[in-house]
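**Student:** Any chance you could fold what I've pasted below:
(chains A and B)
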Amino acid sequence: MANLNLTVNRRRKITNGIMTTLTAACAVFAVIVLLSIIFYIAARGTAALNFQFLVDTPKPVGEGGGIGNAILGSAIMTILASAIGLPIGIAAGVYLAELGNGWYGKIIRFVADTLIGVPSIIIGIFVYATFVMPMGRQSGLAGAVALALIMIPIVARTTEEMIRLVPVSMREAALALGAPQWRVSWDIVLPAASAGIATGAILAIARITGETAPLLFTALNSRFYNFYLDQPMASLTVQIFNYATGPFEVEHQMAWAATLILVGLILLINILVRFLTKKRF
Amino acid sequence: MPQTGAAGDKIFRLILLSAATILLLIIVGILLMMVQNALPSIERFGLGFLTGREWKAAQNEFGALPFIYGTIVSSIIAVVLAVPLSLGIAIFLVEQASPKIARPISFLIELLAAIPSVVYGLWAIFVLAPFVRNHLGVFLQNYFGWLPIFQGRLTGIGMFTAGLVMALMILPIVTAVVRDVLETVPQAQREAALALGATQWETTRVVLGNAASGIAGAIVLGLGRAIGETMAVTMVIGNSPRISASLFEPANTIASLLAANFAEATDEIYLSALIEMGLVLFLVTFIVNALAKLLIIGVTNRANNTRRA
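**Tutor:** Below is the predicted model:
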């Protein structure tokens, strides 16, 4: 009997050792994959990166060319999308946190979560049907609207979460002093949650900077520097897609260099936000 | 000055209510727009659209089956590969690692989610596809070549590579949700198991049983993301409207079809057929996401009732 117990216990210990090692191995594997992707982008990207590449426009294969107009296009559309999406998203988030405990709030919260899960290519088709078809052509404006639509539900949900972190006692103190509800929200609650809301907003901006699918048929692409919002507009992501799927090695090199710029920017934003908010480190 | 407060309150509420209503309008707008634009195709092809196996745009012949098949199979590959890995990572982060190790690893895995889809696609074309062609695929054909799913020509471009890259892309969200779910399991459960003499792994199994519905939710959520994955897939799946037994053959998914063909669809019925595919994709992701939310919500509600000790 004692002998049997000993074997069972040994088996339990061995199982424990194997399983706990396996779970640790899973974590190590994921981290290695991430680091290898980043190092690969850095190695391939720096090879083709130079100043001319950052300011030139795309040229026929063999004549060089660059991503200057794509960087500008991405910047314009991201800024415009943020100008549309952030106020709406933050206001919707304030609604959910402050007034959203009834049935309508529940519906809106469900809709926001559902929208976050809707594939971004569907948003692209929606904007194509509602903006591009009536206007008769693809445009930077349509691209920015598509990005804004992706941004709104994300910003709304993070804003709600951040506002819910503000202690109830702060509200009660302000209300007890006779402040109306909107002054409490605007002057007390929002400033208290502002750092968190800003973090959410910045991460949402980083997210839409990397979006490709919703731009494919809304902003399309352009070979030129373009400041007109009613014209097709280049973007870093669509340019990477075109270079990556092109037949020539020169194009692939440019795809890696453009990716280095894009991923570098996005990872930098994510890391900075994490360090500044000190939420995780 | 109660009047100004009341008026201000009204205006403030109205602004917030309008912003929140925009979210509702977006989703209703998407649904109406898609149904309206898909109508010509729905009327012309009926249910045969969903079961048709031929997709020849030039001859106005549209059958959705190869794309539905490709979407389902590639998503299953992604989920099957990503879920065990995500579970392992989440268990390691919550049950085993000290916060000093768990936090940076958690952060690095969240960074995986920050990398854009098109970048995964680029990486998949030039790193993952050659790896499948020269190593992983050869290995699978050598040892499991008797299975029909691993037979056929090995180009590195096809369903299998697409499933691999999708697995990597849904890994962060599945891991994050499982991690959150495990954290809601009351500490007392672990203490009780340990006090009875359970090993760490046996304790983890108790915790997993307790978190089962939340974990199911995380898996379904990952499935939803995989179904909608577009850019990376379209870059490595080979964009071929065929149903093949072999996973190494080129295939296509609904999202990838839309990305590759929508811009060139000038014909009205072609555009309508593509939008009907989009409608199918939208409805499927909607249902899958709603299901995931229901599964996860039960767990978070419990967490609110019984806070961690």
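**Student:** of all the residues in the stretch 151-281 of chain A, which ones are close to chain B?
**Tutor:** A:152-153, A:156, A:179-183, A:185-186, A:206-207, A:209-213, A:216-217, A:220, A:237, A:240-241, A:244-245, A:252, A:255-256, A:259, A:262-263, A:266-267, A:270-271, A:274, A:280-281 (Cβ under 8 Å from any Cβ of the partner chain). For glycine as for every other residue, the C-beta is placed from the backbone atoms N, C-alpha and C.
**Student:** Now the buried members of these.
**Tutor:** Buried members of these, counted by 16 or more other Cβ atoms under 10 Å in any protein chain shown: A:152-153, A:156, A:179-183, A:185, A:206-207, A:209-213, A:216-217, A:220, A:237, A:240-241, A:244-245, A:252, A:255-256, A:259, A:262-263, A:266-267, A:270, A:274.
**Student:** Helices - which of the residues of the stretch 151-281 of chain A next to chain B land there?
**Tutor:** Among these, DSSP state H puts A:152-153, A:156, A:181-183, A:206-207, A:209, A:237, A:240-241, A:244-245, A:252, A:255-256, A:259, A:262-263, A:266-267, A:270-271, A:274 in helices.
**Student:** any idea of the pLDDT on residue 188?
**Tutor:** Going with chain A. Looking at residue A:188, its pLDDT reads 91.
**Student:** ah, no, chain B please
**Tutor:** Per the predicted model, pLDDT is 92 at residue B:188.
**Student:** tell me the SS of the nearest residue to residue A:106 once chain neighbours are set aside?
**Tutor:** Of all residues not flanking residue A:106 in the chain, residue A:100 sits nearest, at 7.6 Å (Cβ to Cβ, 6 or more residues apart in numbering or on different chains). Three-state assignment for residue A:100 (DSSP: H, G, I helix; E, B strand; the rest coil): coil.
**Student:** I figured residue A:100 hits residue A:160, correct?
**Tutor:** Yes. Taking contacts as Cβ atoms under 8 Å, residue A:100 lies within contact range of residue A:160: 7.3 Å.
**Student:** Neighbour count: these two, which is higher?
**Tutor:** residue A:160 (25 against 21; other Cβ atoms under 10 Å in any protein chain shown).
**Student:** count of neighbours near residue A:168?
**Tutor:** So residue A:168, with other Cβ under 10 Å, has 8 neighbours.
**Student:** tell me the SS of residue B:197?
**Tutor:** coil.
**Student:** now it: how far from residue B:96?
**Tutor:** 19 Å (Cβ to Cβ, to the nearest Å).
**Student:** returning to what we had before: OK, contacts around the residue nearest to residue A:106?
**Tutor:** Residue A:100 sits next to A:106, A:108-109, A:160, B:20 when contact means Cβ atoms under 8 Å, 6 or more residues apart in numbering or on different chains.
**Student:** Whichever of those residues end up buried, select them in ChimeraX.
**Tutor:** Restricted to buried positions by 16+ other Cβ under 10 Å, the ChimeraX selection for the contacts of residue A:100 reads:
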select /A:108,109,160 /B:20
